[in-house]
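K.L.:
Sharing a model that was predicted from the sequence below.
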Amino acid sequence: MPAPQRPPSVDALARQLADIDLPHPLLVDAARQAIAAGAPDSARAIAEQVAMTLLRPVVNATGVLLHTNLGRAPLAAATGRGGAGGDGALRYSNLELDLLTGKRGSRSGHAASLLARAMGAEAAIVVNNGAAAVLLVLAALARDRDVVVSRGELVEIGGGFRVPEVMAESGARLVEVGTTNRTRLRDYGAAVAGGDPALILKVHQSNYRIVGFTQSVEVRDLAPLGPPVVVDIGSGLLDADTPWLVGGPPAWLAGEPAARQTLAAGAALVTFSGDKLLGGPQAGVVAGRRDLVAACAAHPLSRVVRPGGLVLGALQETAMAYLRKDGQAIPFWRMAAAPVDELRRRAAALGVGRPVDTVAVAGGGSVPGQELPSAGVAVDGDRAAALRAHDPPILARVHEGSTICDLRTVDPADDPVVAKALA
């Protein structure tokens with residue numbers, strides 16, 4: 001009987017995987033796992049699977065601009081102003097330092113104040129996401145008190161964010177008014193007259209619509225009732241007039257609530273996400289009356305939900321672009337505003353697949369049901385898995401037996417990458 005073949009050493013097998021872009025300890029783990037399974041030849045596949053689970057750049061060819069699984073709004077490669085030497089490296093920053101006095105400063109002194117200026121608010125603070133913004137406002141302003149909400153706005157959005165549950169966690173007491181499809185001003189008035197509510201809360205329906213026999217109440221009608229009106233506008237459109245876009249507001253934005261107009265209508269505060277229509281990093285913003293923003297900032301929970309320097313740096317650059325009215329500097333708006341004819345030209349220039357007209361969507365719970373005319377290329381069959389395995393991975397969609405790469409969500413610099421992968 002021949003002697004059983006001795007398995008390779010873990011170290012030797014790990015060295016054979018050195019061309020895979022992983023730290024050596026992870027290659028050792030892959031080699032050890034393969035040897036333990038009695039299949040040393042599987043070590044490479046195991047290591048490649050590990051590499052696929054790590055965060056990495058991808059090409060979004062799905063036509064969903066704010067793709068939640070891909071981090072929603074795309075960000076420019078550079079964030080902040082770079083290092084002191086100007087080489088683009090992000091080093092220390094004056095995150096909580098007042099450079100004028102040399103004393104401790106505030107995290108709300110840069111990105112938040114710029115956003116407040118851009119939307120016409122008295123003040124603003126930034127937290128780590130949109131749900132945290134709502135939670136902080138309720139905890140700081142309405143703990144152990146009533147908050148009036150229409151039954152038609154007790155929403156649940158992606159990830160299990162439910163308004164009643166967030167309100168319960170904040171310590172506020174939910175007072176429901178109206179019905180699922182119709183809430184009138186007198187419903188709110190009765191709740192205010194019959195108690196002492198701390199706030200009236202309006203919640204944007206975000207990722208769905210109720211149509212037909214419906215009625216809701218505008219902010220301008222709620223403001224005179226007395227309690228501060230807080231509006232969670234959700235997607236973070238700063239200004240319905242979109243002064244950062246040369247052609248003005250596009251048709252697909254019709255009806256989307258905006259921070260500037262909501263505050264002008266009488267809202268005391270607005271809350272929204274930073275990584276949706278705002279086009280920045282994941283963050284949450286609370287903006288409006290200075291006294292209410294200050295109360296939120298002073299609450300102990302504000303420290304729990306505060307963002308880090310990288311987020312604030314990226315958000316500052318986004319706010320600066322809005323103040324310059326430079327929509328081209330914000331990747332989301334640059335992609336959303338690209339003319340369809342330009343997308344068709346790019347599709348033909350790829351030289352692979354067949355050019356097709358498509359429709360894109362904003363995604364991320366923004367402007368549900370609205371479509372953006374778009375263009376891309378299609379190839380026969382389901383090629384989604386093969387495109388995901390490409391380096392860099394390319395995310396496409398499969399429709400009626402064809403794989404479609406929608407170019408509205410692809411940076412023009414990545415067109416050669418898409419063409420090579422499809423070829």
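P.N.:
In hand now; what should we look at? Note that the coordinates shown come from a computational prediction; the quantities given were computed from them, not determined experimentally.
K.L.:
Put the alpha carbons of the host helix or strand of residue 358 into PDB.
P.N.:
For residue 358, the host element (DSSP states H and E) is strand 354-360. C-alpha atoms of strand 354-360 as PDB (Å, rounded to 0.1, in the frame of the first residue of the first chain):
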ATOM      1  CA  ARG A 354     -26.400  46.700 -27.900                       C
ATOM      2  CA  PRO A 355     -27.300  50.300 -26.900                       C
ATOM      3  CA  VAL A 356     -30.800  50.500 -25.200                       C
ATOM      4  CA  ASP A 357     -32.900  53.100 -23.700                       C
ATOM      5  CA  THR A 358     -33.700  52.400 -20.000                       C
ATOM      6  CA  VAL A 359     -35.200  54.100 -17.000                       C
ATOM      7  CA  ALA A 360     -33.300  54.900 -13.800                       C
END
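K.L.:
Quick check: mean pLDDT of stretch 326-345?
P.N.:
Across stretch 326-345, pLDDT averages out at 95.
K.L.:
can you check stretch 372-381 too?
P.N.:
For stretch 372-381, mean pLDDT rounds to 96.
K.L.:
For residue 336, list the residues it contacts.
P.N.:
By Cβ atoms under 8 Å, 6 or more residues apart in numbering, the residues touching residue 336 are 65, 250, 362, 372, 408. Every residue, glycine included, has its C-beta placed from N, CA and C.
K.L.:
mind redoing it with 10 Å?
P.N.:
65-66, 245, 250, 252-253, 277, 279, 327, 330, 360, 362, 372, 408-409 (Cβ atoms under 10 Å, 6 or more residues apart in numbering).
K.L.:
now residue 62
P.N.:
By Cβ under 10 Å, 6+ apart, residue 62 lies in contact with 69-70, 360-361, 363, 376, 384, 394-397, 404-406, 408-410.
K.L.:
Tell me, how many residues neighbour the residue lying closest to residue 364 once chain neighbours are set aside?
P.N.:
Using Cβ to Cβ, 6 or more residues apart in numbering and skipping the chain neighbours, the partner closest in space to residue 364 is residue 66 (3.0 Å). Using other Cβ atoms under 10 Å, residue 66 has 25 other residues around it.
K.L.:
helix, strand or coil for residue 66?
P.N.:
What DSSP: H, G, I helix; E, B strand; the rest coil gives for residue 66 is coil.
K.L.:
What are the boundaries of the strands in the stretch 201-350 of the chain?
P.N.:
Remark: strands assigned in the stretch 201-350 of the chain by DSSP state E, counting those that start in this stretch are 229-234, 269-273, 284-288.
K.L.:
helix or strand right after the strand or helix carrying residue 25?
P.N.:
For residue 25, the element it lies in under DSSP H and E is helix 24-36. Under the assignment DSSP H and E, the closest C-terminal helix or strand after helix 24-36 is helix 43-53.
K.L.:
Which positions in that next one come out as buried?
P.N.:
Of the residues in helix 43-53, 43, 44, 46, 47, 50 count as buried by neighbour count, 16 or more other Cβ atoms under 10 Å.
K.L.:
ok, and what's touching it?
P.N.:
For helix 43-53, using Cβ under 10 Å, 6+ apart, the contacting residues are 8, 10, 13-14, 16-17, 19-22, 26-35, 37, 39, 42, 388-389, 391, 393.
K.L.:
So in this protein, where's the weakest helix or strand by average pLDDT?
P.N.:
Here the helix or strand of the chain ranked lowest by mean pLDDT, DSSP states H and E is strand 156-157, holding a mean of 74.
K.L.:
The very next helix or strand once past that strand: partners in the sheet, and parallel or antiparallel?
P.N.:
As assigned by DSSP H and E, the chain's next helix or strand after strand 156-157 is strand 161-162. Its sheet considered, strand 161-162 pairs with strand 156-157 (antiparallel) by DSSP bridges.
K.L.:
can I get the buried residues of helix 43-53 in CSV with distance to residue 164?
P.N.:
Putting the buried residues of helix 43-53 into CSV (distance: Cβ to Cβ, whole Å) gives the following:
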residue, distance to residue 164
43, 50
44, 50
46, 44
47, 46
50, 40
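K.L.:
Residue 352: which of the residues you listed is nearest?
P.N.:
Checking the buried residues of helix 43-53 against residue 352 by Cβ to Cβ gives residue 44 as the nearest, at 29.1 Å.
K.L.:
and the helix ranked longest in the chain, how far out from the chain's middle?
P.N.:
Counting by DSSP state H, the longest helix found in the chain is helix 309-323. Distance, stretch centre to chain centre, for helix 309-323: 14 Å (Cα atoms, centre = their mean, to the nearest Å).
K.L.:
again, but for stretch 102-117
P.N.:
Stretch 102-117 sits 22 Å away from the centroid of its parent chain (Cα atoms, centre = their mean).
K.L.:
buried set for that stretch?
P.N.:
Of all the residues in stretch 102-117, those buried under the rule 16+ other Cβ under 10 Å are 105, 107, 108, 110, 111, 112, 113, 114, 115, 116.
K.L.:
Switch those residues over to CSV; also include distance to residue 224, secondary structure and pLDDT.
P.N.:
Below are the buried residues of stretch 102-117 laid out as CSV (distance: Cβ to Cβ, whole Å; DSSP: H, G, I helix; E, B strand; the rest coil; pLDDT from 0 to 100):
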residue, distance to residue 224, secondary structure, pLDDT
105, 38, coil, 84
107, 35, helix, 80
108, 30, helix, 78
110, 35, coil, 87
111, 33, helix, 93
112, 29, helix, 94
113, 29, helix, 94
114, 31, helix, 94
115, 27, helix, 96
116, 24, helix, 96
